[in-house]
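> No letters, just coordinates:
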């Protein structure tokens, strides 16, 4: 079972987040940094939404004081797109 069936075109973007060697299409390689970041953030949102269908999700962030600007932007993006229930 695929977590997000429509994400095949963007799977190569995981290498930027995870630091692992994954094949990237020529189309992905030619995108500028801002577009790549937007597509990566959208991919993460889709994956988290798919996971939330199956079960609740708790995300813990440790050492946020060491986070770079891109990581903080991702956290901001995710916090704006997901409702937090108390």
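Now that the structure is in, tell me what you want to look at. Bear in mind the structure is a predicted one, so any value in this text is a computation, not a measurement.
> for the helix ranked longest in the chain, packing partners?
Looking across the chain with DSSP state H, the single longest helix is helix 33-54. In terms of contacts (3 or more Cβ pairs under 8 Å, 6 or more residues apart in numbering; DSSP states H and E), helix 33-54 is packed against helix 14-18, helix 69-81. C-beta here means a position set from N, CA and C on the backbone, and glycine is covered the same way.
> For residue 56, give me the backbone phi and psi.
phi -60, psi 160 (degrees, to the nearest 10).
> For residue 26, see how far away the spatially most central residue of the chain is.
The centroid of the chain falls nearest to residue 44 when counting by Cα atoms, centre = their mean (2.6 Å). According to Cβ to Cβ, to the nearest Å, residue 44 and residue 26 sit 23 Å apart.
> Over to residue 55?
37 Å.
> and if you look at residue 19?
21 Å.
> Just the buried residues of stretch 68-86, please?
74, 77 (16 or more other Cβ atoms under 10 Å).
> typed the wrong thing, it's stretch 41-59
41, 43-46, 48.
> what residues does the helix or strand bottoming out on mean pLDDT in the chain touch?
Lowest mean confidence among the helices and strands of the chain (mean pLDDT, DSSP states H and E): helix 14-18, at a mean of 78. When contacts are defined by Cβ atoms under 8 Å, 6 or more residues apart in numbering, helix 14-18 is touched by residues 20-22, 24, 36, 40, 43-44.
> ok, 6 Å please
residue 22 (Cβ atoms under 6 Å, 6 or more residues apart in numbering).
> Next, the buried residues of the helix or strand that that helix is followed by.
As assigned by DSSP states H and E, the chain's next helix or strand after helix 14-18 is helix 26-29. Going by neighbour count (16+ other Cβ under 10 Å), the buried part of helix 26-29 is residue 28.
> For helix 26-29, name the packing helices and strands.
With contacts defined as 3 or more Cβ pairs under 6 Å, 6 or more residues apart in numbering; DSSP states H and E, helix 26-29 has no helix or strand neighbours.
> Report the rounded mean pLDDT for that helix.
The average pLDDT for helix 26-29 rounds to 84.
> Please shift the residue numbers so they start at 6 in all later answers.
Got it, first residue is 6 now, which makes that one helix 31-34.
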